[in-house]
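Chemist: fold the following for me, if possible:
(chains A, B and C)
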Amino acid sequence: MSATLPISGSKPQADAALPAAKRDLAPLLLVPALALAVLPFVSLPTWVTLTVAGLAMGMMIFIMASGLTLVFGLMSVLNFGHGAFVSVGAFSATLVLLPMRNWLETDSLAANLGVLGLAVLVAMLVTALIGWAFERIVIMSVYGQHLKQILITMGGMIVSEQLINVIWGAEQIPLPLPSSLRGAIFIGEAAIEKYRLLAVVVGLIVFAAMFLTLNRTKIGLLIRAGVENGEMVEAMGYRIRRLFVGVFAAGSALAGLGGVMWGLYKETLVASMGSEVMIMVFIVVIIGGLGSVGGCFIGALLMALLHNYAGFLAPKLNLVSNIVLMIAILLWRPAGLYSKSRG
Amino acid sequence: MSELTGEPILTLSGVHTHIGQYHILQGVDLVVPRGGLAVLLGRNGAGKTTTLRTIMGLWKASSGSIVFDGRDITKLATPDIARAGIAYVPESMAVFSELTVRENLYLAARNGPLDEARVDWICGFFPALKKFWHYPAGNLSGGQKQMVAIARAIVEPRKLLLVDEPTKGLAPAIVQSLMMAFRELKDTNTTILLVEQNFNFVKTLGDTVGVMDDGRVAHAGLMHDLVGDDALQQRLLGLSLDSHQ
Amino acid sequence: MLIKLLSGDLPRSRALTVLLLVVLLGLLLAPFLFAGARPLNTAATICVYIVLVASYDLLLGYTGIVSFAHTMFYGIGAYGIGIALASVEEPTWGIVFAGLGLALLLTIALAFVIGLFALRVRAIFYAMITLAVASSFAVLASQLSDFTGGEDGRTFSVPELLSPGFTLMENEVFGRAVDGKLITYYIVFFGCLLLFLFLLRLVNSPFGRVLQAIRENEFRAEALGYRTVVYRIWANVLAAVVAALAGALMALWLRYVGPKTSLGFEVMTDILLIVVIGGMGTMYGAVIGAALFILAQNYLKSLMGQASEALADLPMLAAALHPDRWMLWLGVLFILSIYFFPIGIVGKLRFRRK
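Modeler: Model (predicted):
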């Protein structure tokens, strides 16, 4: 449907005789459906722990994937090198996190969050800048040539991974969680890891921000219109190229944010982390439908929840849970949960 | 043509357009006088849509010049051409289906919020717009979408409107609404360049007419001269235009 | 006669012909030209990679399909042989062919299903899906360690004829003992040669021409009456089968299978690099590209190592020239090729001729 949740954010007129706007809610229901379906098989505390873990992981993947899907929907550019921004973001964060290690060791939530916030800011700035440069220099020249895009962006990913190794060294960098975020809180018997809770909160904030931007601002309007028909937007007097670059940079910044969060989640940084997580990002983008932020959100949650539930209930199946989910969704809706009008 | 006052608002001189290996426009000369409604007629494939798209910069002219309001816009980018004061209503209407009617119009209003009075005026001849104001434009019927497309082009005053076959596939009642809209528009300072195949629709509306064939303008002149001359009509359009629907 | 052998697809460039002859002779006579195990290993790797990349060229260069599942089929072929031979006490030819047969069946089935899926989705989708499938397969392979030997892979023994201890003749020929290694090498060499000529025949046949038509303009091909779906599925299956055979040959040579050498993303990246740098849609690009690539990979790295040490005072530069960073320069070359030699080395050589 649209690059947002299917709720159009507007009220219908008084005369109810008009056809109501179609609301495609079925995909939305999949998430609670999955969660509830698993409930009979596990104890409630376990269910809570698993669900929060799944939501947290899903939020992080959503943050990383949203940029990719929006860029594709708007510009028809598939950035196979998106994972590079994830890695670069995570590594750039170390420029703040390592020198300010002491602040992270204190138990003050405020101090910890402050440093994290600063690290995230730096990461997002760096990735936005690199994204901007990458778009202007590399991508712009291969607009419309999908094959070349795939190849060039892959090349970019390889080069950036290697450059990370050159700049930061080839070993893994451990990234311990800040002290106030270690461990878990207990609700009844259910253990909920503090960091995962933070991830869910951040993910919801990002999603809300994207939703509001897309639906309530003129830029969001331009993006939604541009996804449908960029040519017409230009014919209405808007320089859509500038919008493209902006969205690309924003998408890269989001990937950077996701990278920082993912790095802390894994408590380890390695140059190939971006490409490792890209498989899941691609699956999520495919499931959600290329260009649909809402679909991406649902897809990420579904995949992460399934991954966590399967990991607990049927570990052997866990290996293929992603693929099975992807095939199942594609059999139901071949173009993904919400496909754009361009399909 | 010279009966309408002043400098022409749009002049095409020797415009050629190539699309891939196809040479579509082969030297188009067209003059659109200021303030009237100019009609571009011609068979399918004569190059009418290509002409509009070339003016709009969606396709680049390979040679020739396009001068709008005293300014050479041949090499300008599409957004800049739009900002110079040209609005475009394509054949496919290109309304944004996921956006509501209101959002479609809001996007078209580059210079700020929607002018209430102007919107009311537009809704005067397109009442369906008010009815469907908050509905996704994709839910509307063909005729209603056409109204949205035209409303978009005029939600702010523009110097020139390029309209491509607005009546195609529409019910007669809707065609009537469109005719009324164009009449009212003519009274404002907007020049209109209308591509049509429906001669009946344009014969009372148009001031000047150009007939295209094989990528060139084969005939240009006043509309009422063409309307009065059956023989000329036969020659240009291959059949009597009275039966041309 | 030569023209028939090459199915009419001549190099069309003096420089290219020379290079091709050098590669051919070099590979043919490798055991006798170079002493030691390493050059022979390099030569065998070049043979296999030529076929692997050429089969990928069939998909990418001739049909215009971007697939990331190619290494999966290569791996299946390799593991087919590997698992079969590792599971028995006595490695016999029967086991070899049984393993190969099963691997080929799996390959054909998978390639067919994946090709069928190509019906429903766009090219970009297809690329992403093959990526997802291939990486899941790789994860599966490394996890099912009882079967596949996990991350470490499995070594196994080969039938007696091919084992290093076996000797065919008493005397040495041109300084080389005629042992199992030599025999294995020539099986690999001639096997790859045959597969390459087969691919050449394929792309120069009416079938190959339809593939190219599909690549250029699928819509038009459909309009002309060709059921593009069928052709693409065929292309998929054929490319996969050749890749699997290449994998099997490699496994026989190495007497080892493992996820890194057979299934890893590194191999896929290598293939992409070679096919682009060598020249897409030319087949010969695979030959030149693979030869250059493998040679550089084996011998350039030590050069890089020396340079890196020499520059120890400039840490950034030294790090950049470290042999482990070989991919960095390859990546840069790759990006540059896409921009400046979209027709690859072969294309450039041919172009100059005109």
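
Chemist: how near is A:Gly336 to A:Ile173?
Modeler: 36 Å (Cβ to Cβ, to the nearest Å). C-beta here means a position set from N, CA and C on the backbone, and glycine is covered the same way.

Chemist: of the two, who's got more company?
Modeler: A:Gly336 (28 against 16; other Cβ atoms under 10 Å in any protein chain shown).

Chemist: helix, strand or coil: sort out the more buried one for me.
Modeler: coil (DSSP: H, G, I helix; E, B strand; the rest coil).

Chemist: residues contacting the residue lying closest to it once chain neighbours are set aside?
Modeler: Once flanking residues are discounted, A:Gly336 sits nearest to A:Gly289: 2.8 Å by Cβ to Cβ, 6 or more residues apart in numbering or on different chains. By Cβ atoms under 8 Å, 6 or more residues apart in numbering or on different chains, A:Gly289 lies in contact with A:69, A:295-296, A:333, A:335-340.

Chemist: pLDDT weak spots in the chain?
Modeler: The chain I'm using is chain A. The model of chain A has pLDDT under 70 over residues A:1-23, A:144, A:319, A:340-343.

Chemist: that's the wrong chain, I meant chain C
Modeler: C:118-121, C:168-171, C:173-175, C:352-354.

Chemist: in it, which spans are strands?
Modeler: C:154-155, C:167-173, C:176-179, C:256-257 (DSSP state E).

Chemist: now swap in chain A and tell me
Modeler: Under DSSP E, chain A gives strands at A:173-174, A:184-187, A:190-193, A:268-269.

Chemist: and chain B, which of these is closest to it?
Modeler: Among the strands of chain A, strand A:190-193 comes nearest to chain B, with 37.4 Å by Cβ to the nearest Cβ.

Chemist: would you mark the buried spots in that closest one?
Modeler: For strand A:190-193, burial by neighbour count (16 or more other Cβ atoms under 10 Å in any protein chain shown) applies to A:190-193.

Chemist: send me that strand as CSV with only the CA atoms.
Modeler: Taking Å, rounded to 0.1, in the frame of the first residue of the first chain, the C-alpha atoms of strand A:190-193 are listed here in CSV:
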residue,chain,number,x,y,z
ALA,A,190,9.9,-12.8,33.5
ALA,A,191,13.4,-11.5,32.8
ILE,A,192,13.6,-8.6,30.4
GLU,A,193,17.0,-7.4,29.4
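
Chemist: adding distance to chain C, write the strands of chain A out as TSV.
Modeler: Shown next, in TSV, are the strands of chain A (distance: least, Cβ to the nearest Cβ, whole Å):
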stretch	distance to chain C
strand A:173-174	15
strand A:184-187	28
strand A:190-193	25
strand A:268-269	17
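
Chemist: could I get the ones you listed as a markdown table with distance to A:Ile152?
Modeler: Below are the strands of chain A laid out as a markdown table (distance: least, Cβ to Cβ, whole Å):
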| stretch | distance to A:Ile152 |
| --- | --- |
| strand A:173-174 | 28 |
| strand A:184-187 | 44 |
| strand A:190-193 | 39 |
| strand A:268-269 | 26 |
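
Chemist: how about the closest residue to chain B within the stretch 51-200 of chain C, phi and psi?
Modeler: Taking Cβ to the nearest Cβ as the measure, the stretch 51-200 of chain C has C:Gly64 as its residue closest to chain B, at 18.6 Å. Dihedral angles of C:Gly64 (phi, psi; degrees, to the nearest 10) stand at phi 80, psi 20.
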